[in-house]
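**Q** Quick one: sequence and predicted model below, then my questions.
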Amino acid sequence: MDPSHLKTCVLVVLDGMADLEIPAMDGKTPVEAARTPILDLFAKEGKVGYMHSIGYWKVGGSDTSHMALLGYDPWSIYTGRGPIEVAGTGVNLQEGDVSIRCNYCTVGDGMHILDRTAGYVRDGIEELANAINDGVHLSDPSVKAEFRNSQDYRCVVYFRGPGISASISDMDPSYDIIIDAPMERDKVKENPRIIDCKPRDNSKEAIHMAELLNEWVEKSHDILKKHPVNKRREEQGKPPANCIMPRGAGETPMYEPFHEKWHLKGACVAGTGLIKGLGNLMGMRTPDVPGATGYVDSDLLSKARVTVELLEEGMEFILVHVESIDEVSHDGNVKLKIEMLEKGDEMLEYIAEHVPDNTIICVLSDHTTSCEKGDHTADPSPLVIWSKDSSIQGDGLQKFSEHHAYKGSLKHVEGKDLMPILLNFMNRHEQFGA
Ligand SMILES: [Zn+2]
C-alpha cells in the first residue's frame, strides 16, 4: 500500500450516549431530542451501524466495553477494575502487584459507615494521602503499599512485594461480601459497616494479603481520624474523611501493547482514571488534558485541541473519551444528557474542522445507558464512521440516532469487529489468504 493512502483514526466514545425511548418526550431518545448537526452530517456522509460492544445482547461495563472496542477480549483478560484505576493514576504497575479501588468515607464507632463519600471530599485529600503513605508501616516490611487519590473521594492503593494475591474479599459492604450466613449479610446491608477482609481461597498468599489489607485500613484510620484536615472538617460541620473503604482487588493484567497488536501509534485522551488506566496498560500515550474532569464541567474543547496536537505529532489512532454523558444518565437527568450530547457535538465539530484530510472519525457509545433505568442496558448503540476526504461512501441518513442506526450499511457490529472495520477504512487492512 502506498503510504500516502494510509489514514489516521479518531475514535470518539461518547460514554453511555445511546438510550431508550423516553415516554415523556413522545418516545424520543435523548440523542433524537438533542441538536447534533455534526453527528447528523456524519450519518449522512458516513457509514452507520449499531453495536454490541462485548457480545450479542450482553451488558458491558465501561472498562470491558472499551477493551472490546480496542480489539482485546475482555472475557479472557479482564482482572477487575482495581488495576485499571491504579494505572489511571499514572502508576506503572508490575506483574504480581495487587491493586484495589477505594473510597474515602466517614465511619463512626465500630466502623459503621456514616457517609460513603465523606461528603464528596475534595479539599485536603493530598495532605491525607501523604499522611497515609508516610505514616502506615506494614508488619511485613517486604511488602510496600502505596496509596493514591483518583477523583475526589475515589482513591486507590496497590501492594507490591512477594507472597501476596488478589484473591481477597471486599471491605465495602455494598459490593461482594464474603459472609457465609445470608441472614448476617442482610444485617450488614441494613446497618453498613466496613467488613474485615477475608481470603477467597486457602493459599497462604491470599491469607497474608487479607491480613495486610486489614492492617493497612486500621492504621490508615488511626492516622486519618486525628488528622488536622479532618479536625477542620468537623469544625465546619462536614463529615471527616476518616477511613478508607477498599473493594475490587485485582492483579496486574498483562495486555499485548496496542502498538504491537495493531501496528498503530495510539493515544488515549480521557479525563476519567478508568479509561486513562486502560490506555496506560495498553501502552498508549495518555496525556494529561487540561480541564478534563470526567464530569459535566469537563472542558471538551480542550480534549479536541489535544487530539489535533497528537495527530500533528504523528499519532495514528486516538481514542477520545467523554464520560459526563454516562454520569448524567446514571443520575436519570435527561435534560442534562441532552445538553451534554450537544456539547459533545461541538467537540466533534472542532475535531472534524481541524484534523488533516486523511483522518477518519468514528463516533459511538460503549454501551447504552438508560436515563429511566439509571443503568447500562444490553440494547445496541449507534455508531458512525466518517472520512474527511469523502473516501467513505455515505449512507445518506437524515439523522444520527438509535432508530436510524438500523438503516445504516454497517448493520450489526460487535466490539471485536470494530478495529478490523476501522483498519479497512484506514487502508491498513491485511489480506488473509492468497
Ligand atoms: Zn461506559
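**A** Alright, I've got the coordinates.

**Q** okay, CA-based contacts and neighbour counts for the rest of this
**A** Will do.

**Q** what's the neighbour count on residue 142?
**A** 10 (other C-alpha atoms under 10 Å).

**Q** what's near enough to touch it?
**A** Counting by C-alpha atoms under 8 Å, 6 or more residues apart in numbering, residue 142 makes contact with 161, 162.

**Q** pretty sure it belongs to a strand, no?
**A** No. Going by DSSP: H, G, I helix; E, B strand; the rest coil, the assignment for residue 142 is coil, not a strand.

**Q** Helices along the stretch 301-434 of the chain, start to end?
**A** 324-330, 334-354, 402-405, 415-425 (DSSP state H, counting those that start in this stretch).

**Q** Among the ones you listed, single out whichever gets nearest to the ion.
**A** Nearest to the ion, of all the helices of the stretch 301-434 of the chain, is helix 324-330, at 6.3 Å by C-alpha to the ion.

**Q** helices or strands up against the closest one?
**A** Counting contacts by 3 or more C-alpha pairs under 8 Å, 6 or more residues apart in numbering; DSSP states H and E, helix 324-330 is packed against helix 334-354, strand 368-370.

**Q** Turn the helices of the stretch 301-434 of the chain into TSV, including mean neighbour count and distance to residue 190.
**A** Shown next, in TSV, are these (neighbours: other C-alpha atoms under 10 Å; distance: least, C-alpha to C-alpha, whole Å):
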stretch	mean neighbour count	distance to residue 190
helix 324-330	25	23
helix 334-354	20	31
helix 402-405	22	40
helix 415-425	18	39
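
**Q** interface residues of the protein facing the ion?
**A** Contact residues (C-alpha under 5 Å from the ion) of the chain with the ion: 15, 62.

**Q** all strands for the chain, in order.
**A** For the chain, the strands defined by DSSP state E occupy 8-14, 47-52, 98-107, 113-115, 144-149, 154-160, 243-251, 266-269, 317-322, 359-364, 368-370, 375-377, 381-387, 411-414.

**Q** the inter-axis angle of the second one versus helix 415-425?
**A** Interaxial angle, strand 47-52 versus helix 415-425 (axes from the mean of the first three to the mean of the last three C-alpha atoms, to 10 degrees): 160 degrees.

**Q** so can I have TSV of the strands of the chain showing distance to residue 216?
**A** Below are these laid out as TSV (distance: least, C-alpha to C-alpha, whole Å):
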stretch	distance to residue 216
strand 8-14	37
strand 47-52	41
strand 98-107	12
strand 113-115	18
strand 144-149	8
strand 154-160	10
strand 243-251	9
strand 266-269	33
strand 317-322	34
strand 359-364	41
strand 368-370	36
strand 375-377	33
strand 381-387	43
strand 411-414	42
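
**Q** Same list (these) but as a markdown table, adding mean neighbour count and mean pLDDT.
**A** Shown next, in a markdown table, are these (neighbours: other C-alpha atoms under 10 Å; pLDDT from 0 to 100):
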| stretch | mean neighbour count | mean pLDDT |
| --- | --- | --- |
| strand 8-14 | 24 | 98 |
| strand 47-52 | 27 | 98 |
| strand 98-107 | 26 | 96 |
| strand 113-115 | 18 | 93 |
| strand 144-149 | 20 | 97 |
| strand 154-160 | 23 | 96 |
| strand 243-251 | 26 | 94 |
| strand 266-269 | 26 | 98 |
| strand 317-322 | 26 | 98 |
| strand 359-364 | 22 | 98 |
| strand 368-370 | 28 | 97 |
| strand 375-377 | 20 | 94 |
| strand 381-387 | 28 | 98 |
| strand 411-414 | 18 | 98 |
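
**Q** For residue 329, find the nearest of those.
**A** Each of the strands of the chain has some distance to residue 329 by C-alpha to C-alpha; the shortest is strand 368-370, at 6.1 Å.

**Q** I'd like to know which elements that closest one is packed against.
**A** Against strand 368-370 (3+ C-alpha pairs under 8 Å, 6+ apart) you get helix 324-330, strand 375-377.

**Q** List the contacts of whichever residue of the chain sits closest to the ion.
**A** Nearest residue of the chain to the ion: residue 62, at 3.4 Å (C-alpha to the ion). Shown in contact with residue 62 (C-alpha under 8 Å, 6+ apart): 15, 366, 367.

**Q** With residue 216 instead?
**A** The neighbourhood of residue 216, defined by C-alpha under 8 Å, 6+ apart, consists of 136, 138.
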